[in-house]
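Asks: missing the sequence, but the structure's below:
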């Protein structure tokens, strides 16, 4: 059973930065591609970023390209999402996600964390 636990959310002013982290409890973490999704109030959950199991391939939603960076530390079993130049429209609950396979995609997998809320204020 894969367990994903997000942390790092909070309240930040527009233009500021936050770093989200996802801790993965799975012995074979090295072979899991990971992703981040978000869901804003009243909206559907949407793809944010993904990273392959080796870390050599990353994908981003157009809305966050150039501002967000996804990374992973296999030694620590964690995946991070560095969010810079935050905008009001980045306000959402952010979820860590994986389908258990090595290839990064923009489609959601079956494993989800409980989410961490991010609120960007003006």
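Replies: Cool, the structure landed. Fair warning: this is a prediction, and the values are worked out from it, not measured in the lab. Numbers count the residues shown, from 1 in each chain.

Asks: so where is the protein shaky, pLDDT-wise?
Replies: 26-30 (pLDDT under 70).

Asks: tally of neighbours for residue 105?
Replies: Counted with other CB atoms under 10 Å, the neighbours of residue 105 add up to 14. To be clear about C-beta, it is placed using only N, CA and C from the backbone, and glycine gets the same treatment.

Asks: surely it is in a helix?
Replies: No: assignment of residue 105 by DSSP: H, G, I helix; E, B strand; the rest coil gives coil, placing it outside any helix.

Asks: in contact with it, which residues?
Replies: The contact partners of residue 105, taken as CB atoms under 8 Å, 6 or more residues apart in numbering, are 33, 35, 50, 59, 99.

Asks: wait, isn't residue 104 in contact with residue 52?
Replies: Yes: Residue 104 lies in contact with residue 52 (CB atoms under 8 Å); the separation is 4.3 Å.

Asks: for the two, list the residues in contact with both.
Replies: 33, 58.

Asks: in space, what's closest to the residue minimising distance to the centre of the chain - neighbours in sequence excluded?
Replies: With distances taken as CA atoms, centre = their mean, the chain has residue 36 as the residue nearest its mean C-alpha position (2.6 Å). Residue nearest to residue 36 in three dimensions, not counting chain neighbours: residue 48, with 4.3 Å by CB to CB, 6 or more residues apart in numbering.

Asks: so the residue nearest to the centre of the chain versus residue 73, what's the distance?
Replies: Using CB to CB, to the nearest Å, residue 36 is found at 15 Å from residue 73.

Asks: with residue 20 instead?
Replies: In terms of CB to CB, residue 20 sits 14 Å off from residue 73.
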